[in-house]
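> mind folding the following:
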Amino acid sequence: MDPADSKEESGKSLRPLDWDGSFSRTWNARYGRDWTNQLAAEQEREWEDEELRQSLQDARDRMNAESAQAEARAREERRRPSSAGGGGRESAQERLARKLDKLDRLSDVEPDESGDAR
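Residues are numbered from 1 along each chain as shown. Predicted coordinates for the structure are as follows:
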């Protein structure tokens, strides 16, 4: 059965009407549903935006912490070579002093007439 035929038979529209013949209840329900859907969509967007902001803040904090650790490591490495280099210089200076002492001791020994050391 075609809806157009039933309209002609009954003589009434198939649209729901209020008691006064207006469509306000139907339209208000539709507007209410649309408004609720719109509010839900806005709330969902706000939650997604907040989640995105939070994840970006977490990533930024994590990167800042890693950067601070890398900077601290670099500062420590710059300090180590200077302190190890200073220690290395001292040991090199000590080695040089020992070698010079050996040379001094050897030079104190006077060679014989034959050129042999005593």
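> what are the ranges of the helices in this protein?
Using DSSP state H, the helices of the chain run over 3-10, 24-108.
> helices and strands of this protein: which one has the lowest mean pLDDT?
Ranked by mean pLDDT, DSSP states H and E, the weakest helix or strand in the chain is helix 3-10, scoring a mean of 53.
> shaky segments in the chain?
Residues of the chain meeting the criterion pLDDT under 70: 1-23, 25, 81-90, 108-118.
> mind doing that once more with 80?
Scanning the chain for pLDDT under 80 picks out 1-28, 81-91, 105-118.
> returning to what we had before: how about the helices of the chain in CSV, adding mean neighbour count?
Where you see a C-beta, it was placed from the backbone N, CA and C, and this is true even at glycine. Output for the helices of the chain, formatted as CSV (neighbours: other CB atoms under 10 Å):
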stretch, mean neighbour count
helix 3-10, 10
helix 24-108, 10
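> what's the distance between Leu103 and Gln93?
15 Å (CB to CB, to the nearest Å).
> for Glu50, same thing?
Taking CB to CB, one finds Glu50 at 64 Å from Gln93.
> same question, Glu48
67 Å.
> could you do Gln43 as well?
74 Å.
> next one: Leu103 from Asp58, what distance?
Using CB to CB, one gets 66 Å for the distance from Leu103 to Asp58.
> ugh, typo on my part, it should be Asp104
From Asp104 across to Asp58, the span is 68 Å (CB to CB).
> for Arg45, same thing?
With distances taken as CB to CB, Arg45 is found 20 Å from Asp58.
> one more: Glu44?
For Glu44 relative to Asp58 (CB to CB), the value is 21 Å.
> before we move on, what about Trp35?
35 Å.
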